[in-house]
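**Q** predicted structure and sequence below. I'll ask about it afterward.
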Amino acid sequence: MRVFQHPEFDRHEQVVFGFDDNSGLQAIIAIHNTYRGPALGGLRIYPYASEEDALTDVLRLSRGMTYKSALANLPLGGGKAVIIADPIRHKTSALLEAMGRLVDSLGGRYITAEDSGSSEADMQVIARQTEHVSGLRKPGVESGDPSPFTAHGVFCALRCAVRHGLGRTHLQDLRVAIQGVGHVGAYLARELRAAGAQLVVSDVNEAATAQLAKELGAEVVAPAEIFDVDADVFAPCALGGVIDDQVCERLKVRVVAGAANNQLATPAAGRRLHERGILYTPDYAANAGGVIEVAWQRRHDYRREDVMTHVEGIEDTLDEIFQRARREHSPPEEIADRVAEERFKAQTHQAA
């Protein structure tokens, strides 16, 4: 398995493979960039079909964390970790403790947190072996699970995109098709419904989808049909890579804004959305709320009000991106990359 020649390798500083025979741990940690600070990124536990798939995911996600932290003005770099395992059948305390030891071996260059397949409780187990872990609830502080903060940031991003893409200053009767109503998607759906939006939801978990739809008065469609919904906004909140060449042509919306990482399967997909007049909201700008909250947990002056103010600043960042995209006649994701690179590459030159 090649690393340096891998198509997702982007001058990553360090890629670590970890194995523990007793627990069955098979893990990869990728540190993309630490010029702004230690690399922060969640731990994804997923039954990848191959080591190659796991490597692809961790390289891509760690790069995204660098850009996300830079756009969010955090003193952090980008990293990510994956464990090749089924989180339902294979996750044990021994596995998580072995992962904690692997994280600790990096001496603070990488800080882990919860992600798909891992939880706050898992972080508490990992914390037995390393101090380089975040996403833990503080005594007397409403903190821990970053999902509500991620969702609120996406809500702010969607509101901004609707203003730029549809010329609307409110969400009343806005029709939003949400793909994926897990932790973040469900929180987002509730915020949107409270703001007056009409929802169409879809998820592979049919029972959870039906329950949420009943709560919010939402329409339910099958997972394969969500791309064909006639709506104002498509909100991808499941796994990445969902917007490929075919989906670009199927979408019947004017705005894309969601919580999933790496929503565009290829750069060409983003350019095609731009050609079709569909405003794409760069995912790592929109979904930065969780990492903002996790970063604040590392501070001694944590206040929820300050965290929410920082999260709501996502709207200001996207205002800048959308305005530049319009002036330069470029897709927003290309502008977002430039803005992020201006921030973390400036740190590179200072370090040199």
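**A** Yep, that arrived.

**Q** SS state for the residue nearest in space to the middle of the chain?
**A** Residue closest to the mean C-alpha point of the chain, counted by C-alpha atoms, centre = their mean, is residue 261 at 4.3 Å. For residue 261, the assignment made with DSSP: H, G, I helix; E, B strand; the rest coil gives coil.

**Q** any idea of the pLDDT on the spatially closest residue to it that is not a sequence neighbour?
**A** Sequence neighbours aside, residue 240 is the residue nearest to residue 261 in space, at 4.9 Å (criterion: C-beta to C-beta, 6 or more residues apart in numbering). In this view, the C-beta of every residue, glycine as well, is placed from N, C-alpha and C. pLDDT for residue 240: 85.

**Q** please apply the same query to residue 120.
**A** Confidence score, pLDDT, at residue 120: 87.

**Q** now do the residue nearest to the centre of the chain against residue 2, distance only.
**A** 23 Å (C-beta to C-beta, to the nearest Å).

**Q** residues near the residue nearest to residue 261, how many?
**A** 17 (other C-beta atoms under 10 Å).

**Q** how near is it to residue 284?
**A** Counting by C-beta to C-beta - residue 240 and residue 284 are separated by 11 Å.

**Q** overlap of the contact sets of those two?
**A** Taking C-beta atoms under 8 Å, 6 or more residues apart in numbering as the contact rule, the neighbours common to residue 240 and residue 284 are residue 261.

**Q** show me where the stretch 51-200 of the chain has its helices.
**A** 51-71, 93-104, 120-126, 147-166, 183-194 (DSSP state H, counting those that start in this stretch).

**Q** wait, which of those helices is closest to residue 276?
**A** helix 147-166 (11.9 Å; C-beta to C-beta).

**Q** tilt between the closest one and helix 183-194?
**A** 50 degrees (axes from the mean of the first three to the mean of the last three C-alpha atoms, to 10 degrees).

**Q** right, and the residue nearest to the centre of the chain touches residue 61 too?
**A** Yes: judged on C-beta atoms under 8 Å, residue 261 makes contact with residue 61 at a distance of 6.0 Å.

**Q** residue 271 reaches residue 332, doesn't it?
**A** No: applying C-beta under 8 Å, one finds residue 271 not in contact with residue 332, separated by 11.1 Å.

**Q** look up phi and psi at the residue nearest to the centre of the chain.
**A** Backbone torsions of residue 261, given as degrees, to the nearest 10, read phi -80, psi 150.

**Q** what residues does the residue nearest to residue 261 make contact with?
**A** Residue 240 neighbours (C-beta under 8 Å, 6+ apart): 60, 260, 261, 262, 263, 283.

**Q** please indicate which of those has the highest neighbour count?
**A** residue 263 (31 neighbours).

**Q** how much space between that residue and residue 10?
**A** Residue 263 is 18 Å from residue 10, by C-beta to C-beta.

**Q** what do you get for residue 178?
**A** With C-beta to C-beta as the criterion, residue 178 and residue 10 are 30 Å apart.

**Q** okay, now the unreliable bits of the stretch 151-300 of the chain?
**A** Along the stretch 151-300 of the chain, no part satisfies pLDDT under 70.

**Q** can you check the stretch 1-150 of the chain too?
**A** In the stretch 1-150 of the chain, residues with pLDDT under 70: 137-144.

**Q** going along the chain, name the strands of it.
**A** 14-20, 25-33, 39-46, 77-84, 110-114 (DSSP state E, counting those that start in this stretch).

**Q** need these in a markdown table (columns: distance to residue 236 and mean neighbour count).
**A** Shown next, in a markdown table, are the strands of the stretch 1-150 of the chain (distance: least, C-beta to C-beta, whole Å; neighbours: other C-beta atoms under 10 Å):
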| stretch | distance to residue 236 | mean neighbour count |
| --- | --- | --- |
| strand 14-20 | 27 | 16 |
| strand 25-33 | 23 | 25 |
| strand 39-46 | 17 | 26 |
| strand 77-84 | 19 | 28 |
| strand 110-114 | 20 | 27 |
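
**Q** switch those strands over to a markdown table; also include distance to residue 120.
**A** Below are these laid out as a markdown table (distance: least, C-beta to C-beta, whole Å):
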| stretch | distance to residue 120 |
| --- | --- |
| strand 14-20 | 22 |
| strand 25-33 | 19 |
| strand 39-46 | 12 |
| strand 77-84 | 16 |
| strand 110-114 | 6 |
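
**Q** who wins for proximity to residue 278 among those?
**A** strand 77-84 (27.4 Å).

**Q** and residue 19, what are its bridge partners?
**A** On the basis of DSSP bridges, residue 19 is bridged to residue 26.

**Q** contacts only, for it.
**A** 25, 26, 27.

**Q** let's have the residues you listed in JSON lines, adding distance to residue 317.
**A** Formatted as JSON lines, the contacts of residue 19 follow (distance: C-beta to C-beta, whole Å):
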{"residue": "25", "distance to residue 317": "37"}
{"residue": "26", "distance to residue 317": "37"}
{"residue": "27", "distance to residue 317": "32"}
